[in-house]
Structure formats: C-alpha cells, structure tokens
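Here is my input, please return the structure:
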Amino acid sequence: MVCKHCGAEVSPYITECPYCGHRLQKRAPKIGKDGKPAEHAPRRMPSPTLPRLRPGEIPGIRHDTHPYATILLVVLGFLGTLLLRTNLVPGDLILTAPLSFHWWRMVTTVFVYSNTGYTVITLGAIALFGTLLERRHGPFAVLALFLVGGVAGGVVAVEAGGADLAMGGNGAALALATAWAMPDLISAARDGEFDGDLLGAAVIGVVVALMPLVASEATWAADAVGVSAGILIGYPVARLHPV
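This next block holds a predicted model:
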C-alpha cells in the first residue's frame with residue numbers, strides 16, 4: 001500500500017502512515033488463517049437453518065396446507081343438522097326407502113343428524129381424519145373418500161340393508177379413518193413396525209362403528225361400506241404416495 005499523502009510504501013495492515021501520520025483506512029483488515037487479508041481468505045458458508053416452528057408443528061415436518069375441504073364438510077354437517085332441527089325442509093334432505101327420483105337426497109342425507117351424540121362423535125372423527133388425510137394427500141382424496149363412504153353407504157343401507165332411512169356420515173367417517181390408517185397397517189403387516197397411532201385410530205373407529213346402537217338413523221350397512229371404501233381407496237393411495 002502507498003500513502004497518498006507522503007508517497008511512502010507502507011503495510012496494508014495498518015490504519016495510519018508511520019512516516020507522516022496520515023490516516024490510511026478506517027480499520028485494519030482482518031487476517032485469515034493463511035496470513036492473507038480476510039477478503040482474500042476463503043469464506044465459510046453459513047450453516048443451513050430451519051425457520052422457527054409454528055405452534056403445534058413437529059420438528060422436520062411443516063404442513064402449510066389448510067384443510068379447506070374438511071372444514072367445508074364439517075360446516076355442511078352442522079348446517080344440515082340445524083336445518084333439520086329447525087324444521088326447514090327436513091323431508092328434502094333425508095334419504096328414505098325406497099329410493100325416489102330425488103337423487104340429491106343421497107348426498108344431503110350425509111350432512112343431516114338428529115342425535116346429538118351421533119353428531120358430535122361423527123363430525124369430530126371427520127374433522128380429525130379428514131384434516132390428517134388432506135395434509136397428507138390433498139383435498140380430492142378426502143372428498144372422494146367422504147362421498148364414496150357416505151353416499152354409497154346410505155344407498156346400500158336403504159336398498160340392501162333393509163333400513164327405512166339413512167342419515168349422517170358414519171360411513172364417511174369410517175372411510176376416512178380406515179384410509180388414514182392404511183400406511184401403518186401396510187407397514188405393520190410387512191415388518192411389524194409403524195409410526196402412527198393405530199390404537200387411537202382403532203378406538204375412534206370402533207366408537208363411530210357402534211353408533212347404530214344409539215342412533216337409529218346410523219346403519220351397520222353404512223359402516224361396512226365406509227370401511228370397504230377406506231380400504232379400496234386408501235390402499236392404492238398409500239402405495240402410490242407413501243408417507
């Protein structure tokens with residue numbers, strides 16, 4: 001380095017000229033481990049860091065997907081129940097035997113409940129397993145399971161199951177619960193190990209399946225169809241999109 005004031009050649013690691021006292025730079029450069037100025041020394045790359053976890057998130061897993069389809073299904077369940085209990089068009093929502101040309105009842109009856117316990121337990125199961133599945137596979141898988149398990153369950157109940165009517169989504173809830181458990185069931189059958197809470201899912205599934213004992217509008221036929229739908233849809237989805 002050359003002092004611009006007196007022209008003397010000086011060290012690049014000082015801040016003032018030792019000959020004339022003129023200030024050369026604000027601060028001396030840092031010396032790297034190789035004895036060279038830091039700007040010539042190799043820079044260490046910063047270690048990768050993860051953003052701070054949000055409340056309720058698991059380390060290493062971040063789900064930014066909001067379960068909009070599940071929320072819609074649960075809200076429709078509460079809305080249909082409210083319409084029934086306030087005597088607003090109740091006959092146009094319920095699926096009864098024999099099947100008539102009112103085809104929309106096959107769908108609307110899944111969102112109608114007359115028993116409070118049946119309502120809370122079934123919608124709670126739909127909210128839980130629907131959210132888990134939607135964050136794992138997206139909204140279309142949830143909607144497909146809900147419609148096949150719920151709608152087909154109601155139709156089978158009044159056509160082949162001997163029920164006078166079918167209401168509520170016990171079949172839909174069981175379809176979602178069974179599909180969610182499929183990856184763990186596959187893993188348990190293959191090597192005896194699994195990561196999820198199969199016992200908790202089984203307990204909730206059994207409680208939903210026993211709803212026909214306390215609510216006449218819930219049917220065993222819908223239970224069977226829901227479990228079957230969960231296996232038939234959940235198995236290939238779990239194989240194609242492993243968790």
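
can we go C-alpha only for contacts and neighbour counts from here?
Will do.

Residues contacting the helix or strand bottoming out on mean pLDDT in the chain, please?
Using mean pLDDT, DSSP states H and E, strand 95-96 stands out as the lowest-scoring helix or strand of the chain, at a mean of 85. Under the criterion Cα atoms under 8 Å, 6 or more residues apart in numbering, residues 105, 106, 108, 109, 154, 158, 164, 165, 166, 167 lie in contact with strand 95-96.

Going by distance to residue 76, which of these wins?
Ranked by distance to residue 76 (Cα to Cα), the contacts of strand 95-96 are led by residue 108 at 9.1 Å.

tell me which strands and helices the helix or strand sitting right after the least confident helix or strand of the chain along the chain is in contact with?
Note on strand 95-96: by DSSP states H and E, the next helix or strand toward the C-terminus is helix 105-108. Where contact means 3 or more Cα pairs under 8 Å, 6 or more residues apart in numbering; DSSP states H and E, helix 105-108 is packed against strand 95-96.

Now with 10 Å, please.
In terms of contacts (3 or more Cα pairs under 10 Å, 6 or more residues apart in numbering; DSSP states H and E), helix 105-108 is packed against helix 68-85, strand 95-96, helix 153-159.

all helices for the protein, in order.
Taking DSSP state H as the test, the helices found in the chain are 68-85, 105-108, 116-137, 139-147, 153-159, 170-191, 198-209, 220-240.

And the ones you listed: which comes nearest residue 25?
helix 116-137 (57.2 Å).

Can you check what angle separates that closest one from helix 170-191?
50 degrees (axes from the mean of the first three to the mean of the last three Cα atoms, to 10 degrees).

What's the local residue count around the nearest residue to residue 139 once chain neighbours are set aside?
Nearest residue to residue 139, sequence neighbours excluded (Cα to Cα, 6 or more residues apart in numbering): residue 69, at 5.5 Å. Residues near residue 69, counting by other Cα atoms under 10 Å, number 19.

which ones are touching residue 69?
Residue 69 sits next to 75, 127, 130, 131, 134, 138, 139, 140, 141, 142, 143 when contact means Cα atoms under 10 Å, 6 or more residues apart in numbering.

what sits against the third one?
In other words, residue 130. Going by Cα under 10 Å, 6+ apart, residue 130 touches 67-71, 73-74, 123-124, 136, 138-139, 141-143, 145-146, 172-173, 175-177, 179-180.

got the phi/psi numbers for residue 217?
Backbone geometry at residue 217, expressed as degrees, to the nearest 10, gives phi -80, psi -10.

In contact with it: list those residues for me.
With Cα under 10 Å, 6+ apart, residue 217 has these contacts: 94, 112-115, 118, 154, 163-168, 170, 211.

again, only using 8 Å
114, 165, 166, 167, 168.

any idea of the pLDDT on it?
As predicted, residue 217 sits at a pLDDT of 90.

so who does residue 199 touch?
So residue 199 contacts nothing (Cα under 8 Å, 6+ apart).

before we move on, what about the one 5 residues further on?
Listed by Cα under 8 Å, 6+ apart, the contact set of residue 204 reads residue 125.

Quick check: the residue lying closest to residue 156 once chain neighbours are set aside vs residue 129, distance?
Of all residues beyond its chain neighbours, the one nearest residue 156 is residue 221 (6.5 Å), with distances taken as Cα to Cα, 6+ apart. Distance of residue 221 to residue 129, computed by Cα to Cα, to the nearest Å: 21 Å.
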